[in-house]
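J.: give me the fold of what follows.
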Amino acid sequence: MFNKIFKKAYTIRKHKNAPLLKERLKYLQYWDKCGRSLSTMQSIAWHLLRIVDYLKLEVNGKITIEKIEIAADHWTRYQSNHTKKKRVFFSKCSKERFTRYAIDWLKKLNRLERLPEEKIPLFNKIFTRKKVLKRHTSAPLLKKRLKYLCYLADNGAVYSNLRRIAYYLLVIMRYLNLNELRIVSVAEIEMAAEKWAGEKENSRRKSDYSNSVKARFIHYASSWFKMLGYLKEQSRKPISFKKYLRDYIAYIRQEQGLSERTIKYRFSQLQDFLINTNKKNKNFKKLTPLIIDEILKKKYDIGGYSRRTIQWYASIIRIFLRYAENHGWCQKGLADSIKVPRIYRYEALPYSPSWDEVKRLLANSKSDHPTDVRDYAILMLLSVYGMRCSEVINLRLEDLDWKNERIYLKRAKRSKTQIFPLSKIVGEAILRYLKEVRQNCCSLKEVFICMRSPYRALKRAAIYQIVSKRLRPLCTNIKHYGPHALRHACATHLINKGVSLKEISDHLGHQGLETTRIYTKVDLTNLRKVAEFKLGGIL
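T.: Okay, the predicted model is just below:
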């Protein structure tokens with residue numbers, strides 16, 4: 001066999017004297033029967049020598065995928081720095097070939113350590129063509145790619161999506177020059193995605209540049225590296241007076257028990273305030289009312305904040321400064337010196353659609369389309385129970401007690417749990433969604449998930465879109481079209497039906513009656529009755 005492949009006596013002697021002669025000859029004969037060319041046979045023979053040498057196959061034992069990848073990386077570094085051998089028969093794909101031949105040969109020798117049982121069938125299920133299967137299994141970072149694909153499969157990703165993502169992982173490794181796993185920045189991913197989007201060699205594309213291809217590259221690469229912990233996040237602005245902010249956030253989370261959304265909002269506002277404060281004064285103890293007034297004025301003049309937003313911003317700062325005063329971080333009396341725009345009482349009354357408009361909204365959403373089935377159940381919860389957006393998102397399967405016809409609702413404020421009777425019409429809407437639409441094969445426990453794989457829980461933006469796209473055509477006299485408008489509509493409807501404030505407060509999960517009493521100011525139905533009352537007979 002070697003006499004057939006090589007011409008030089010020295011080369012033939014070198015291959016014959018190397019270890020595992022019979023095993024190498026048998027493997028070469030296999031490829032010879034497959035009709036491989038002379039140059040390919042020479043390449044395989046040389047790679048077998050390197051595999052024996054770098055994997056130390058003279059010693060008996062199983063070889064893992066990680067060992068093969070490490071050996072291939074060492075070999076690639078050696079041959080790329082070897083000036084004499086660099087241009088003979090080795091190429092940039094040498095590592096891939098080393099890995100492919102090593103895995104294939106060791107499988108035939110029964111010396112390759114098998115992957116965990118639950119991961120072996122994945123590639124076999126995704127790919128049906130042997131050539132494609134071999135290309136993906138022999139490429140570098142096999143376990144790292146399998147880990148990501150198995151994660152997506154566990155979340156309900158279908159095989160067509162897994163095939164596309166597996167293909168993109170190979171493209172990502174090629175365009176980022178990933179011979180081994182390393183920290184990758186977002187900017188580096190974007191540059192590689194731009195290059196891939198303008199690749200003209202791809203015959204499937206109709207144009208020279210594809211924005212969708214670029215977006216997929218960035219999404220898959222960012223998700224993969226983030227899951228593995230190798231994504232370098234974009235540098236953020238340093239937070240001024242970080243210790244003060246950290247202590248205050250810990251206080252409102254542990255002592256006051258505020259919701260995570262409220263904590264996140266306060267954190268972002270205070271971070272902005274402290275950065276602006278640091279620009280004007282490096283010493284927090286020397287903070288003056290004049291500096292605070294300048295920051296607020298800049299928000300109104302340049303930032304375009306409304307008077308109501310300025311008031312919220314100032315109230316958050318005032319609460320923080322009171323905490324800072326008690327701990328001696330700043331001067332006394334700063335919190336009381338903050339001036340804010342005047343907001344008239346009941347200036348920001350809640351705007352909501354009428355109950356007739358809500359009924360039309362629900363009627364228009366009721367259809368047999370899978371997305372409408374899911375959205376109808378969401379709209380029913382928002383309208384009938386007056387749920388907050390976050391409460392719908394966090395509703396879990398175990399919160400629905402079908403036997404006793406109850407729904408256990410964990411309120412967003414202070415995480416209180418309330419028990420409500422599950423009304424028939426709402427229960428039927430949710431049950432239809434669970435039986436006919438929801439992908440129950442995934443491991444997610446949230447009731448409402450996205451329609452396409454990989455499946456994940458809905459976010460706030462998705463709930464907003466579900467409500468707003470249906471509510472805008474019906475209502476033109478309200479300011480806001482999000483899910484909270486349906487909560488306001490529910491409260492106003494209960495007021496008009498004569499339900500007591502205490503019952504409405506419990507139904508909506510308010511902390512006190514003052515919040516509920518605001519809705520009595522928008523009780524337009526009863527106000528019209530008073531206006532239409534004829535007083536002629538009394539006077």
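J.: residue ranges with poor pLDDT in the stretch 1-150 of the chain?
T.: The model of the stretch 1-150 of the chain has pLDDT under 70 over residues 78-93, 114-121.
J.: residue boundaries of the helices in the stretch 351-500 of the chain?
T.: Applying DSSP state H, counting those that start in this stretch to the stretch 351-500 of the chain gives helices spanning 355-365, 370-384, 389-393, 424-432, 460-471, 483-496.
J.: buried stuff in the second one?
T.: What it means is helix 370-384. Buried residues in helix 370-384, counting neighbours by 16 or more other Cβ atoms under 10 Å, are found at 372-384. (Glycine included, C-beta is placed from N, CA and C.)
J.: just these now: which is nearest Ile310?
T.: Among those, Leu382 lies closest to Ile310 (Cβ to Cβ), at 29.9 Å.
J.: out of the buried residues of helix 370-384, the closest to Lys299 would be?
T.: Using Cβ to Cβ, Leu382 is the member of the buried residues of helix 370-384 that lies nearest Lys299, at 32.3 Å.
J.: quick check: closest non-adjacent residue to Val447.
T.: Leu395 (4.7 Å; Cβ to Cβ, 6 or more residues apart in numbering).
J.: give me the phi and psi angles of the residue nearest the centre of the chain.
T.: Against the mean C-alpha coordinate of the chain, by Cα atoms, centre = their mean, the closest residue is Ser223 at 7.8 Å. Main-chain torsions, Ser223, degrees, to the nearest 10: phi -60, psi -40.
J.: now do Ser453
T.: phi -80, psi 160.
J.: so what's it up against?
T.: 152, 155-158, 161, 439 (Cβ atoms under 8 Å, 6 or more residues apart in numbering).
J.: what separation do you get for it and Val158?
T.: 5 Å (Cβ to Cβ, to the nearest Å).
J.: same deal with Lys416?
T.: Distance of Lys416 to Val158, given as Cβ to Cβ: 39 Å.
J.: same question for Ser268.
T.: 37 Å.
J.: between those two, point out the one with more neighbours.
T.: Val158 (14 against 11; other Cβ atoms under 10 Å).
J.: so who does that one touch?
T.: Contacts of Val158 were listed using Cβ under 8 Å, 6+ apart, and they are Ser453.
J.: also Arg322?
T.: Ala335 are the contacts of Arg322 under Cβ under 8 Å, 6+ apart.
J.: verify the stated contact: Ile407 with Asp401.
T.: Yes: in this structure, Ile407 is within contact of Asp401 by Cβ atoms under 8 Å, at 7.2 Å.
J.: which neighbours do those two have in common?
T.: Going by Cβ under 8 Å, 6+ apart, residues that sit against Ile407 and also against Asp401 are Leu422.
J.: those two - which one has more neighbours?
T.: Ile407 (21 against 12).
J.: how close does that one get to Val392?
T.: Distance from Ile407 to Val392, by Cβ to Cβ: 12 Å.
J.: domain-wise, how is the chain divided?
T.: Using automatic domain parsing, the domain ranges for the chain come out as 2-232, 242-337, 355-526.
J.: could you dump those domains to JSON lines with distance to Ile343?
T.: Listed next are these as JSON lines, based on distance: least, Cβ to Cβ, whole Å:
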{"stretch": "domain 2-232", "distance to Ile343": "41"}
{"stretch": "domain 242-337", "distance to Ile343": "5"}
{"stretch": "domain 355-526", "distance to Ile343": "14"}
